[in-house]
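Q: When you get a sec, could you give me coordinates for this:
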Amino acid sequence: MYICLAYVKPVGDTTVFRQIEVDLAHYSHPRDIMIMGDFNGSTGHHSDYVVGDTSKSLPLPADFIEDVEVYRTNCDDRTNPFGGLLFDICNKSAGLRILNGRYRGDSIGFYTSFKHNESSVVDYILASAGVCNRVVNFRVQPYLHLSDHAVLSVTLEQKVY
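A: This next block holds a predicted model:
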């Protein structure tokens, strides 16, 4: 499994996003992938998959894998350019999905960042299909005042061979 921890500075620098794309090109096949961290990207209610991606309407190769549409919720309606770069990683990569707002424990897409004048969702866990199929629980832990960000946790089912 490829696991990446990331921090993106709040303004300007897109280096981390470019490096993640390079790493995904190198490490993604055939591995399970999890990328987690503070991306300072607001994704609102936009989809992290290709909407209407179906082989029924287009002549596509026989080995084409359709994108699965799985709705997610989010308490934060805002979007920003870093959120767009996060979607680019999801859509250009090996089918990564945002876990926030999709699984038991975070069914409403809780806020992850708490400033004196606003709350937002900027911390995420992204995962490949193989990991998503093993998610038992995803949680944004309660705000503890030790940091201005909540802790994210995910429980995966382990397959025993």
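Q: Let me see the contact set for the residue nearest to Gly41 when sequence neighbours are not counted.
A: Computed as Cβ to Cβ, 6 or more residues apart in numbering, the closest residue to Gly41 that is not its neighbour in sequence is Phe82, at 3.4 Å. To be clear about C-beta, it is placed using only N, CA and C from the backbone, and glycine gets the same treatment. Each residue near Phe82 by Cβ atoms under 8 Å, 6 or more residues apart in numbering is listed here: 8, 14, 17, 39-42.
Q: give me the element Phe82 is part of.
A: helix 81-92 (DSSP states H and E).
Q: Sheet partners, orientation included, of whichever helix or strand comes after that helix?
A: Sequence order places strand 97-98 as the next helix or strand after helix 81-92, per DSSP H and E. Within its sheet, and counting by DSSP bridges, strand 97-98 is paired with strand 123-127 (antiparallel).
Q: so who does the most centrally placed residue in the chain touch?
A: Closest to where the C-alpha atoms of the chain average out (Cα atoms, centre = their mean) is Ile98, at 2.5 Å. Going by Cβ under 8 Å, 6+ apart, Ile98 touches 43, 48, 72, 86, 90, 124-126.
Q: The closest residue to it other than its chain neighbours: what secondary structure?
A: Distances taken as Cβ to Cβ, 6+ apart place Asp48 nearest to Ile98, at 5.0 Å, with adjacent residues excluded. Here Asp48 is coil, with the state taken from DSSP: H, G, I helix; E, B strand; the rest coil.
Q: Tell me how far Asp48 lies from His145.
A: 30 Å (Cβ to Cβ, to the nearest Å).
Q: Looking only at neighbour counts, state which of the two leads.
A: Applying other Cβ atoms under 10 Å to Asp48 and His145 shows that Asp48 carries more neighbours, namely 22 against 6.
Q: Does the more buried one touch Asn74 like I think?
A: No - in this structure, Asp48 is not within contact of Asn74 by Cβ atoms under 8 Å, at 10.8 Å.
Q: The contacts of Ile98 into a markdown table, with extra columns for pLDDT and distance to Phe114?
A: Below are the contacts of Ile98 laid out as a markdown table (pLDDT from 0 to 100; distance: Cβ to Cβ, whole Å):
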| residue | pLDDT | distance to Phe114 |
| --- | --- | --- |
| Thr43 | 95 | 18 |
| Asp48 | 83 | 24 |
| Arg72 | 90 | 21 |
| Leu86 | 94 | 20 |
| Cys90 | 88 | 25 |
| Tyr124 | 97 | 16 |
| Ile125 | 97 | 18 |
| Leu126 | 95 | 22 |
